[in-house]
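A.B. asks: pasting the sequence and the predicted coordinates here, then a few questions.
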Amino acid sequence: MFGGLIAAAALAAAPALAQDFTPEQIIQRHVAAANRGDAAAMAGDYAEDAAVLELGRAIHGRAAIQAAFEGIFGSKAKMKFTVTPTRIWSDGDTGFITWTANGGTVKGSDTYLVRHGKILAQAVFIGGGPPAPAPPK
């Protein structure tokens, strides 16, 4: 009898114990998971119906997002991709990061819409390698 009451009390208190992470905390956790190659942890930062917008495509849903991250960061990645944040900040429920990867050969910025501790949408903007040499004179 008491076990059932304790379980009911714990379930009733669960929403009060849930923590909504700030956009900065989500981004920091997200980068750490990426650098560990943990695509499942990265996907766990997203709402079930989230979308990632990148490279002219939209990836819809947590499972598809995880599959995409497997190809970039996880066990299916062809090479190690290390992200180094240059700045992380937020404005309300919108988080921003500027970053470099692989020693600065790749640069980018991401914008996240975060609500209730989950990413609803992410827009990724990537700039390629070093600048082109100046044209001959």
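C.D. replies: Arrived safely. Residues are numbered from 1 along each chain as shown.
A.B. asks: what pLDDT is listed against the residue nearest in space to the middle of the chain?
C.D. replies: Using Cα atoms, centre = their mean, the residue of the chain that lies closest to the mean C-alpha position is His30, 4.4 Å off. Reading off the confidence values, His30 has pLDDT 94.
A.B. asks: got it, and the one 3 residues further on?
C.D. replies: Looking at Ala33, its pLDDT reads 95.
A.B. asks: Gly95 is in what secondary structure piece?
C.D. replies: strand 94-101 (DSSP states H and E).
A.B. asks: same for that strand, what does it pack against?
C.D. replies: Helices and strands touching strand 94-101, by 3 or more Cβ pairs under 8 Å, 6 or more residues apart in numbering; DSSP states H and E, are helix 23-36, strand 83-91, strand 106-115. C-beta: built from backbone N, CA, C; applies to glycine.
A.B. asks: contact partners for the residue nearest to the centre of the chain?
C.D. replies: Counting by Cβ atoms under 8 Å, 6 or more residues apart in numbering, His30 touches Met42, Asp45, Ile119.
A.B. asks: help me confirm that Ala123 comes into contact with Asp110.
C.D. replies: Yes. When contacts are counted by Cβ atoms under 8 Å, Ala123 is listed as touching Asp110 (6.7 Å).
A.B. asks: neighbour count winner among those two?
C.D. replies: Neighbours around Ala123 and Asp110, counted as other Cβ atoms under 10 Å, are more numerous at Asp110. The numbers are 23 against 14.
A.B. asks: residues of the strand holding Gly95 that come out buried?
C.D. replies: Neighbour counts using 16 or more other Cβ atoms under 10 Å place Gly95, Phe96, Ile97, Trp99, Thr100, Ala101 of strand 94-101 among the buried residues.
A.B. asks: next: stretch 52-59.
C.D. replies: Taking 16+ other Cβ under 10 Å as the neighbour-count basis, stretch 52-59 is seen to contain the buried residues Val52, Leu53, Glu54, Ile59.
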